[in-house]
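Chemist: give the three-dimensional model of this entry:
(one chain, ligands or ions: 1)
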Amino acid sequence: MDYFSFLYFQGSRLLGNLTMLDNGELVNGNICHVARTEVKDRLNTNGIKHYSDSLNKRSLWDTWLRSYGLKSKAETAECYHESFILHGYRPTPSSVLYCVKSIFHPTNETLNVWTHLIPFFLMATRHFKFANEIMTERGYTDPLFYPYWFFVLGSVLTFFGSSLAHTFNCLTPGAREACFCCDYGCIAMQCIGLTSCFTFYICPYTCVIPQTGSYHLAYSAIIVGSMLAVPIVCYSRLPHVPCRYVLRIAVYVVLYASLCLPCFYKYSSYTHEPRFKTCGIAMSDESRGNFYELTCIMALSAAVNGLRFPERILPGWFDIVGHSHQIFHVLIAGGLYYQNKFIERALREILGRLDDGTLSVDDLNITWYSAFLFPALNGLIAIILTLVFSVVLCRRQNLKFGKNCQKNKSKKSQ
Ligand SMILES: [Zn+2]
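Modeler: Modelled structure (predicted):
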């Protein structure tokens with residue numbers, strides 16, 4: 001018996017109006033009868049008569065999902081399979097209109113979309129208000145704000161790109177590959193923005209680890225690393241790549257740990273003899289707290305996503321609500337909120353110090369090349385790589401899917 005039927009049975013048993021046959025089917029319940037009638041009505045309305053007829057043979061949960069045209073894992077092409085998710089797959093190929101409609105009814109992707117679409121609107125509003133509040137005096141295009149703008153672009157793209165990817169990934173098998181490649185491209189942009197903000201506003205590598213050479217060396221390496229992450233994670237989508245999930249998570253963990261490393265040093269062993277004036281910024285307890293909060297959330301999100309918890313323990317129970325990818329999205333949204341607070345606080349402090357004369361713009365080492373041209377060029381290359389991989393993987397997957405369909409057809413005709 002599945003989760004929904006089990007809950008239903010237990011609840012109805014308390015009311016004394018439901019019995020269970022040996023085959024697990026629920027019968028003789030008034031509530032059950034009403035629910036079945038509703039499901040039958042919806043099946044008939046949607047023209048899914050076949051399922052309506054076989055209602056008695058199926059569990060109520062499965063049938064309820066089928067009333068929205070959804071399929072089980074066994075009926076879905078392998079390229080769409082998600083580990084430990086057994087129900088709620090959208091039919092493929094689907095139309096753009098169906099994809100958009102599907103985010104308003106239960107599927108195993110619906111909450112994946114909303115857990116990033118809502119933060120997208122909240123984050124965009126917050127950035128808009130913050131920019132209007134602090135930039136009116138110096139102007140929106142002041143070089144001081146270049147790193148902040150990259151961060152805004154990255155965080156907004158991450159949420160929006162992810163929502164689009166989860167909405168349209170059932171268009172065709174190839175579109176699924178393209179959607180997730182674009183998702184990775186957006187994450188690369190987020191890493192570029194975050195590296196810029198950490199380096200110029202909070203703590204460059206040379207501030208705490210002088211052996212890392214010139215001021216911009218480690219910064220440049222991480223920006224290039226963010227760009228190179230795109231081909232690596234896109235490549236990991238190929239089926240023959242060993243340990244693809246581990247590789248994908250490892251790339252982001254290494255990248256994130258590298259860009260956060262100076263902050264770890266700063267908050268764990270700060271000497272109060274800064275090499276640069278910016279080293280003393282964001283040293284308040286609130287900033288330290290924000291940094292540790294965002295680090296814990298990011299670590300937790302990687303663990304939840306990597307372990308596929310909780311659906312690994314109870315496959316099929318969390319197909320629509322509560323599976324690891326939804327929890328991962330919520331945690332990422334929380335992490336980005338703390339990142340935002342952390343960077344906003346640092347920027348306010350910098351502006352305050354510039355006003356009272358204890359800091360000059362030169363102390364921040366912001367140059368047109370390092371803070372704008374270099375990250376913009378790497379971002380552009382990341383976008384081009386994303387597009388190239390999207391097209392290549394999309395074509396490859398669609399061709400493979402077409403060949404499989406032809407094979408199945410010829411088998412049937414024989
Ligand atoms: Zn996602």
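Chemist: remind me what the helix or strand residue 185 falls within packs against, helices and strands.
Modeler: For residue 185, the element it lies in under DSSP states H and E is helix 173-197. Contact analysis of helix 173-197 by 3 or more CB pairs under 8 Å, 6 or more residues apart in numbering; DSSP states H and E lists helix 146-168, helix 217-235, helix 244-269, helix 324-356, helix 374-413 as its packing neighbours. In this view, the C-beta of every residue, glycine as well, is placed from N, C-alpha and C.
Chemist: would you mind getting the angle between the last one and helix 217-235?
Modeler: For helix 374-413 against helix 217-235, the angle between stretch directions is 10 degrees (axes from the mean of the first three to the mean of the last three CA atoms, to 10 degrees).
Chemist: and helix 374-413 with helix 146-168, angle?
Modeler: Between the direction of helix 374-413 and that of helix 146-168, the angle (the same axes, to 10 degrees) works out to 10 degrees.
Chemist: swap in the fourth one?
Modeler: Between the axes of helix 324-356 and helix 146-168, defined by the same axes, to 10 degrees, the angle is 160 degrees.
Chemist: helix 324-356: which residues count as buried?
Modeler: Applying a neighbour-count criterion of 16 or more other CB atoms under 10 Å, the buried positions in helix 324-356 are 324-347, 349-350, 353-354.
Chemist: pLDDT wise, what is residue 84 at?
Modeler: Looking at residue 84, its pLDDT is 90.
Chemist: I meant residue 90, not that one.
Modeler: Note on residue 90: pLDDT of 94.
Chemist: what sits against residue 248?
Modeler: 233, 236 (CB atoms under 8 Å, 6 or more residues apart in numbering).
Chemist: specify the local secondary structure of residue 283.
Modeler: Secondary structure for residue 283, judged by DSSP: H, G, I helix; E, B strand; the rest coil, is coil.
Chemist: try residue 238
Modeler: In three-state terms, and counting by three-state DSSP, residue 238 is coil.
Chemist: and residue 366, by the same measure?
Modeler: Under the three-state scheme (three-state DSSP), residue 366 adopts coil.
Chemist: how close does it sit to residue 278?
Modeler: Distance of residue 366 to residue 278, given as CB to CB, to the nearest Å: 10 Å.
Chemist: who touches both of the two?
Modeler: Between them, residue 366 and residue 278 share the contacting residues residue 200, judged by CB under 8 Å, 6+ apart.
Chemist: let me know whether residue 333 touches residue 158 as I believe.
Modeler: No - in this structure, residue 333 sits apart from residue 158 without contact. The criterion is CB atoms under 8 Å, and the distance is 9.6 Å.
Chemist: list the residues that contact both of these two?
Modeler: The contact sets of residue 333 and residue 158 overlap at residue 116 (CB under 8 Å, 6+ apart).
Chemist: number of residues surrounding residue 159?
Modeler: Under the neighbour criterion other CB atoms under 10 Å, residue 159 is assigned a count of 25.
Chemist: now residue 298
Modeler: Here the neighbour count serves as a burial measure; for residue 298 (other CB under 10 Å) it reads 22.
Chemist: nearest spatial neighbour of it, skipping sequence neighbours?
Modeler: residue 335 (4.7 Å; CB to CB, 6 or more residues apart in numbering).
Chemist: what's near enough to touch that neighbour?
Modeler: For residue 335, the set of contacting residues under the criterion of CB under 8 Å, 6+ apart consists of 294, 297-298, 301.
Chemist: now the nearest residue to residue 226 once chain neighbours are set aside: how far from residue 287?
Modeler: Leaving aside its chain neighbours, residue 226 sits nearest to residue 191 (3.8 Å; criterion: CB to CB, 6+ apart). Noted for residue 191: a distance of 21 Å to residue 287, by CB to CB.
Chemist: quick revisit: quick one: which of the contacts of residue 335 is nearest to residue 221?
Modeler: Minimum separation from residue 221 among those (CB to CB) is found for residue 298, which lies at 20.4 Å.
Chemist: now the helix or strand harbouring the closest one: buried residues?
Modeler: Residue 298 is part of helix 285-307, with elements assigned from DSSP H and E. Buried positions in helix 285-307, judged by neighbour count with 16+ other CB under 10 Å: 287-288, 290-291, 293-295, 297-298, 301-302, 304-306.
Chemist: before we move on, the earlier item: so for residue 205, which of the helices and strands packed on helix 173-197 sits nearest?
Modeler: Taking CB to CB as the criterion, helix 217-235 is the member of the helices and strands packed on helix 173-197 that comes nearest to residue 205, at 3.6 Å.
Chemist: that closest one packs against which elements?
Modeler: Helices and strands touching helix 217-235, as assessed by 3+ CB pairs under 8 Å, 6+ apart, comprise helix 173-197, helix 205-208, helix 244-269, helix 374-413.
Chemist: can you do 7 Å?
Modeler: helix 173-197, helix 244-269, helix 374-413 (3 or more CB pairs under 7 Å, 6 or more residues apart in numbering; DSSP states H and E).
Chemist: using JSON lines, lay out these together with distance to residue 216 and mean pLDDT.
Modeler: Conversion of the helices and strands packed on helix 217-235 to JSON lines gives the following (distance: least, CB to CB, whole Å; pLDDT from 0 to 100):
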{"stretch": "helix 173-197", "distance to residue 216": "11", "mean pLDDT": "91"}
{"stretch": "helix 244-269", "distance to residue 216": "13", "mean pLDDT": "87"}
{"stretch": "helix 374-413", "distance to residue 216": "8", "mean pLDDT": "84"}
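Chemist: pull up the per-residue confidence for residue 307.
Modeler: 89.
Chemist: ditto for residue 3
Modeler: The predicted local confidence for residue 3 comes out at a pLDDT of 42.
Chemist: and residue 36, by the same measure?
Modeler: On the pLDDT scale, residue 36 gets 46.
Chemist: okay, now the domains of the chain?
Modeler: As given by automatic domain parsing, the domain ranges for the chain are 3-67, 110-402.
Chemist: tell me which of those is the most buried.
Modeler: When those are scored by mean count of other CB atoms under 10 Å, the highest mean neighbour count falls to domain 110-402 (a mean of 19).
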